[in-house]
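**Q** prediction below, plus the sequence it came from.
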Amino acid sequence: MITVYKKPQCFQCDKTIEKFQAAGLAVDIVDVTENSDALAYIKDELGYLSAPVVVVSEHDHWSGLRLDDIARVIAGGGSDDETVGE
């Protein structure tokens, strides 16, 4: 399951979600302004300070509107590989 951590009125967040949904992928959407645990997770554990934050797996996550990563995941390239995103 792909999880997108977003904030309200965020163009990059909305576009990221739209791309995954248009490809028919299920997306768990979490608004970090309504979920303090989610905000702490993306800040403290993952180290991100801006939205959206996309989590595909433990080792496959990123922040921002990353069309290259979105396309990779849509094409079936989601991974638990620790080297993804390095």
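**A** Great, that's in hand.
**Q** ranges for the strands of the chain?
**A** For the chain, applying DSSP state E gives strands covering 2-6, 27-31, 53-57, 60-63.
**Q** of those strands, which approaches Ile70 most closely?
**A** strand 53-57 (7.7 Å; Cβ to Cβ). Just so you know, the C-beta spots here come from the backbone N, C-alpha and C atoms, and that holds for glycine as well.
**Q** who's in contact with the longest helix along the chain?
**A** With DSSP state H applied, the helix covering the greatest number of residues in the chain is identified as helix 11-22. Counting by Cβ atoms under 8 Å, 6 or more residues apart in numbering, the neighbours of helix 11-22 from elsewhere in the structure are 2, 4, 6-7, 27, 29, 51-52, 54, 64-67, 70, 73-74.
**Q** list the contacts of the residue most central in space within the chain.
**A** Nearest residue to the geometric centre of the chain (Cα atoms, centre = their mean): Val54, 0.9 Å. With contacts defined as Cβ under 8 Å, 6+ apart, Val54 is in contact with 2-5, 16, 61-63, 66, 69-70.
**Q** of those - the most surrounded one?
**A** Sorting those by how many neighbours each has (other Cβ atoms under 10 Å) puts Thr16 first, at 27 neighbours.
**Q** so what's that one closest to, chain neighbours aside?
**A** Pro52 (4.8 Å; Cβ to Cβ, 6 or more residues apart in numbering).
**Q** Cys10 is in contact with that neighbour, correct?
**A** Yes. The pair Pro52 and Cys10 qualifies as a contact (Cβ atoms under 8 Å) at a distance of 6.7 Å.
**Q** pull up the overlap in contacts between these two.
**A** Jointly contacting Pro52 and Cys10 under the rule Cβ under 8 Å, 6+ apart is no residue at all.
**Q** low-confidence stretches in this protein?
**A** By pLDDT under 70, the low-scoring segments of the chain are 78-86.
**Q** show me what contacts the closest residue to Lys7 other than its chain neighbours?
**A** Excluding the flanking residues, the one nearest Lys7 by Cβ to Cβ, 6+ apart is Ala51, at 4.7 Å. The contact partners of Ala51, taken as Cβ under 8 Å, 6+ apart, are 5-7, 10, 12-13, 32, 63.
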